[in-house]
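J.: how would this look folded up:
(chains A, B and C)
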Amino acid sequence: MMGNKLVSGEKNYWLIVLVVLVILPFVAHSPLLHHLAILVFLHIIISEAWNLIGGYAGQISLGNAVFFGLGAYIPALLYLKLGVNLWIGLLIGIAVSVGLSVVIGYICFRLHGVFFAFATLAVAEVFKLIFIIRKDITQGPMGITLPYRGESILEMSFASKLPYYYLALTFSILSILTVYCVSKSKLGYYLLAIREDETAAKSIGVNTVFVKIIAFILSAILNSIAGFLYITYIRYIDPYVAFGLNISLIQALLTIMGGAGTVWGPVLGTLVLIPLLELFRVYFATLSGVNYMLHGLLLMVIILLRPQGIISLVEGFKRWLKS
Amino acid sequence: MVEILRVKGISKRFGGIVALKQVSFTVEQGSITGLIGPNGAGKTTLFNIINGYLKPDEGKVFFENEDITGLPPHTICRRGIGRTFQKNRVFNNLTVLDNVLIGALLRTSNVNEAKLRALECLKIVGLYNKRNEVVKTLSILDRKMVELARALSTKPKLLLLDEIAAGLTEAEVAWLLKLLKKINSELGITLFIVEHVLKLVMNISDKVIVLDHGEKIAEGTPEEVASNKRVIEAYIGGERGA
Amino acid sequence: MEGVFLQILLRGVLVGGVYALLSVGLTLIFGVLDIPHFAYGDIMMLAMYTCFWLQFFTNMPLFPLLSIIFPLYLLVGFIIYRVIVSRLMEKPALSKILFMVGLSSFLQGLALFLWSADTRFVKSELEGLYVTIGEGKISLTYIVNFIAAMVFFLGFYIWLQRTFMGKAIRASAQNRELALATGINIQKVFLISFGIATAMSAVGATLFAPTYYVGPFVGIELTLKSFMIIVLGGLGSVEGALIGGLIIGIVEAFSSYFLSSEVKELAALIIFMGILLFRPKGLLGKEVKE
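T.: Numbers count the residues shown, from 1 in each chain, chains lettered A, B, ... in the order given. Predicted coordinates:
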């Protein structure tokens, strides 16, 4: 299994990278760089999330935005309407996401392939519509805003980007660790079995629905955390962003580009693509639609030419170095 | 002899077609039992029902005297029934070792223990040296052995083998024969074999069951079955190539 | 009150007929090529834009437009098959889905880039003409477009039943190995199927356009709607596309009368989920593809 090693020698490598990332904000002061880094970290979280269900288990979910959106809306709404502490709100949001992922998973995992993809898409659409319709609860299509109420970690409002940077970094490391642990465990192997041949997996004792739901739960938790970080950082969200196809698709794209079913694939995909996309957005903001075209083109090219993702290039390069 | 599997009155229809009609028989523990019949006789359907992939319209399946009718495949595997498929369902993009390891994970959550068990199974089928090869690069025989080793790693008491000899050369079939006999006698695993390669089945089985058009038309030793008039007619009449 | 009921029902049927034409191509693609054509609606979106621009520059009325759209999108379908889809046929299912999702994104971006997010409108020359039914009025556009859609649908159906290529296509949908064994040129079957399906959907989209709007993101909605219809009617079933289309048309008509437009979409989605769960075979479908 490629890209899964955290071998002794390499551990020092990662330590160095970690140290660099930790001191980076103090060395490089550009807020643009900090913003970019935060975006990268957030995307690592959601793409590792998709990796579990789409990469390892091979179930193409196009509805992960549901959990992202709930992770954003639930803490924010509880805070704005009932004064509930944002962090408590996050826990509640995660709990709701977990519960929903079991229900949605139980319903949708009976389906396969396109049917599953469309079903998850439909679920996300349903949530988007509900949040638009129920204006009384969710402020509808206008979205919600988190006001700045002075520096406070409880309120998750900060003037500088640094706290967001470190929080996002921490959670992104957590998400990578989660996928690493899964990949080494019975769950990870079972997910691969399901991806390769679900019928055969059943014949060797894999309770495929149960296993898929577990992966889905983990995926939901990570997405919810990302949603929470998103709204506390950006301070605004609406149903179109929260539950939109964009969030669901980018997770898939980044993972596939980098290498689905590997621990570092999504990280690679994110590191390559997100800065590129942001650059594009900043400099070509007037040329709308180019982002979509880029997403689509990249996805198509990767699938046709190198479906195993960029990481296979890296592995090939490493092997070449060794020889 | 103790029976390990009892199939009682199994019937199955697909739309208007009767795939199985009141099929009943037993498989004795520790035996090698064959299931033969012309194409379309319902053999794989029967396996799918025993294994849990299909529910019968009528009838019951008993394993070790417990009713397993309608249980899902993963539960039936846990109870002790393993299986290989006609289509050779291996995990193509994984290594030989990983394939079998996943099977071993049924009985232990510890990946290292599972790995040890997997290596044992690979030694039995002779694939130890190819354990790190990616399965899709292997020959037909090797891929079948991966599937067999994987099924073995789940510690089955009964193994359902669906046309495992299909597409093999004579030499390979002879080799397989020896292996299956060894698995049966040394590991004590009951084998229930669906085969078209009659040479294999008749040679190795203690008992043979014959299906034709969804009905059981004979049950007995290979000699008894081979000289059974109905069986001969069924094959000559309906055989579309073994 | 009865009059209103009948009016809504009629409106639903009229729209449903056009939906049937819209979605029948997808059922063909699924049945014959086994490709999850996520970008199906986006190509329809392009057809709608084509109509808009043709109308913009030449002021052509709707029906002459059809005579351009049909052959044009037949060609487009052929090209897309030859250049893109044929490379996809041997890839695993996962790859097919993801590729088509990519294509869909790309087309949306293309439309957004070329023509911006402004909504456009395709005009029917029958604009403003109404037929009085009972106590209400139905726009003539709905009626005429319905008839046109049915003509195309019927033509397609007859083509499938009577012509050699049509039969070859049906055979390939039923059992590809068997069809190959009888010497059918499967590549040609795929090419023609994809082309015809694209052309049909383009015509359907053209007939649908005057009652809707044209925008870069219409594609996803139409793909979802078409998928809903053919799942409802049964994957691979042409008759099913008709029934599915009519049902969805009627359900939408009633929901939009009694509820808001978002709730109408919600209702359709929930019905869709219901079908996927309880009867994935659809009403007239054959087996479910695993």
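J.: could you list the buried residues of stretch C:153-170?
T.: For stretch C:153-170, a neighbour-count test (16 or more other CB atoms under 10 Å in any protein chain shown) marks C:Phe153, C:Phe156, C:Tyr157, C:Leu160, C:Met165, C:Gly166, C:Ala168, C:Ile169, C:Arg170 as buried. Yep, even glycine has a C-beta here, placed from its N, CA and C like the rest.
J.: and for B:Gly70, the neighbour number?
T.: 13 (other CB atoms under 10 Å in any protein chain shown).
J.: tell me the SS of it?
T.: Assigned with DSSP: H, G, I helix; E, B strand; the rest coil, B:Gly70 falls in the coil class.
J.: ok, now which ones touch it?
T.: With contact set as CB atoms under 8 Å, 6 or more residues apart in numbering or on different chains, B:Gly70 has these partners: B:Gly52, B:Lys55, B:Pro56.
J.: same list, those residues, but as JSON lines with neighbour count please.
T.: Below are the contacts of B:Gly70 laid out as JSON lines (neighbours: other CB atoms under 10 Å in any protein chain shown):
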{"residue": "B:Gly52", "neighbour count": "23"}
{"residue": "B:Lys55", "neighbour count": "11"}
{"residue": "B:Pro56", "neighbour count": "24"}
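J.: those in helices, which ones?
T.: Applying DSSP state H to the contacts of B:Gly70, no entry is found in helices.
J.: what's the farthest-apart pair in the buried residues of stretch C:153-170?
T.: C:Phe153 and C:Ala168 (20.3 Å; CB to CB).
J.: re the thing from before, nearest to chain A, of the buried residues of stretch C:153-170?
T.: Of all the buried residues of stretch C:153-170, chain A sits closest to C:Ile169, with 20.5 Å by CB to the nearest CB.
J.: which non-adjacent residue is nearest residue 156?
T.: If you meant another chain, say so; for now it's chain A. Using CB to CB, 6 or more residues apart in numbering or on different chains and skipping the chain neighbours, the partner closest in space to A:Met156 is A:Thr232 (3.9 Å).
J.: that's the wrong chain, I meant chain C
T.: C:Met200 (6.1 Å).
J.: and that neighbour, how far from B:Asn93?
T.: Distance, C:Met200 to B:Asn93, by CB to CB, to the nearest Å: 38 Å.
J.: can you give me the strands in the chain?
T.: With no chain named, the answer covers chain A. A:144-145, A:236-237 (DSSP state E).
J.: my bad, chain B
T.: B:3-14, B:17-28, B:32-36, B:58-63, B:66-67, B:81-84, B:158-162, B:190-194, B:207-212, B:215-220.
J.: would you convert these into a markdown table that also reports distance to chain C, mean neighbour count and mean pLDDT?
T.: Listed next are those as a markdown table, based on distance: least, CB to the nearest CB, whole Å; neighbours: other CB atoms under 10 Å in any protein chain shown; pLDDT from 0 to 100:
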| stretch | distance to chain C | mean neighbour count | mean pLDDT |
| --- | --- | --- | --- |
| strand B:3-14 | 10 | 18 | 92 |
| strand B:17-28 | 13 | 19 | 92 |
| strand B:32-36 | 25 | 25 | 93 |
| strand B:58-63 | 22 | 18 | 94 |
| strand B:66-67 | 27 | 10 | 94 |
| strand B:81-84 | 18 | 28 | 94 |
| strand B:158-162 | 18 | 25 | 95 |
| strand B:190-194 | 22 | 24 | 94 |
| strand B:207-212 | 23 | 24 | 91 |
| strand B:215-220 | 25 | 18 | 90 |
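J.: what's the closest of the ones you listed to chain A?
T.: Closest among the strands of chain B, once you apply CB to the nearest CB, is strand B:81-84, at 4.9 Å.
J.: could I get the CA-only coordinates of the closest one as CSV?
T.: The C-alpha trace of strand B:81-84 is given here as CSV (Å, rounded to 0.1, in the frame of the first residue of the first chain):
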residue,chain,number,x,y,z
ILE,B,81,-18.6,-21.5,5.6
GLY,B,82,-16.0,-20.3,3.1
ARG,B,83,-16.4,-19.9,-0.6
THR,B,84,-14.6,-19.3,-3.9
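J.: how about it and chain A, touching?
T.: Yes - applying CB under 8 Å from any CB of the partner chain, one finds strand B:81-84 touching chain A at B:Gly82, B:Arg83.
J.: endpoints of stretch B:129-141, how far apart?
T.: With CA to CA, to the nearest Å as the measure, stretch B:129-141 spans 15 Å from end to end.
J.: which parts of that stretch are buried?
T.: Judged by neighbour count (16+ other CB under 10 Å), stretch B:129-141 contains these buried residues: B:Lys130, B:Arg131, B:Val135, B:Leu138, B:Leu141.
J.: do stretch C:31-43 as well
T.: Across stretch C:31-43, burial judged by 16+ other CB under 10 Å covers C:31-43.
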